[in-house]
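**Q** let me see the structure of the following:
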Amino acid sequence: MPGIWAILLAAGESSRMGRLKALLPWQGSTLIETQLHSLLDGGVDHVIVVLGHDADRLKPFVESVEGASWVENPDYLQGKTTSLKTGVSALDDQHAADILLLNVDQPRTSDVIHDLIQRHSLSGFAITIPTYGGKGGHPILLSAHLVPEIATIDEATKGLLAVVRRHTAETERVEIADSTVLWDLNTPEQYEKALKFNN
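**A** Residues are numbered from 1 along each chain as shown. Predicted coordinates for the structure are as follows:
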């Protein structure tokens, strides 16, 4: 039966953070492990983690979680679109109905994941984007029929944004009463602020 597959992007250098974001302490574990469990507990059937920088350090963490696998992007320095395309290529021969896209530095609870999946599955829209206070957040959910378009994105055409713009009429923006859908932990300051929010 076709299910929901997530692509978790974890290939970046974490240059602004100053240390590998995927291994930051988070809720008694690491950020990457917490993300994997939140996605799977929230209703995702399988998670593909796209690795790049320090991939060998992260592989054991992915392999320790049932329902998760990894794929390595050798071109990660060329931009996030290359990682997204690497993740999409790993979907070949998989019977995915919908795709959930998230970055490892965007921690979300299983409740948020579950609510978005439910909304997406019931709406009939091709794309679902969570918002908070009218601002677009993550994760984004897309119907699997858009995968061929995602496979052709590049940095010059603004990557995934170009796909979303082409399908505005098929996109639902869902207001979520949870500000964490806007979180991006790019800097030590953002990380510390998120930690205080969780405590």
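
**Q** where does pLDDT dip in the chain?
**A** Applying pLDDT under 70 to the chain flags residues 1-2, 93, 199.

**Q** now the strands: where do they sit in it?
**A** If DSSP state E is used as the criterion, the strands of the chain fall at 3-10, 25-26, 29-30, 46-51, 68-72, 96-103, 127-132, 135-136, 140-143, 171-175.

**Q** the fourth one versus strand 96-103: what angle between them?
**A** Comparing the axes of strand 46-51 and strand 96-103 via axes from the mean of the first three to the mean of the last three CA atoms, to 10 degrees yields an angle of 40 degrees.

**Q** for strand 46-51, what is the distance to the chain centroid?
**A** Mean-position distance between strand 46-51 and its chain equals 9 Å (CA atoms, centre = their mean, to the nearest Å).

**Q** partners of that strand in the sheet?
**A** Applying DSSP bridges to the sheet, strand 46-51 is found paired with strand 3-10 (parallel), strand 68-72 (parallel).

**Q** ditto for the last one
**A** Paired neighbours of strand 171-175 in the sheet (DSSP bridges): strand 127-132 (parallel).

**Q** now the partner strand: how far from the chain's centre is it?
**A** 13 Å.

**Q** okay if I get the strands paired with strand 46-51 as JSON lines plus distance to I140?
**A** To be clear about C-beta, it is placed using only N, CA and C from the backbone, and glycine gets the same treatment. Shown next, in JSON lines, are the strands paired with strand 46-51 (distance: least, CB to CB, whole Å):
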{"stretch": "strand 3-10", "distance to I140": "10"}
{"stretch": "strand 68-72", "distance to I140": "19"}
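
**Q** which among these is found nearest to R173?
**A** Relative to R173, the nearest member of the strands paired with strand 46-51 by CB to CB is strand 3-10, separated by 19.3 Å.

**Q** which residues does the closest one contact?
**A** Contact partners of strand 3-10, identified using CB atoms under 8 Å, 6 or more residues apart in numbering, comprise 21-22, 32, 35-36, 39, 43-52, 58, 80, 83-84, 87-88, 90-91, 94-104, 117, 139, 141.
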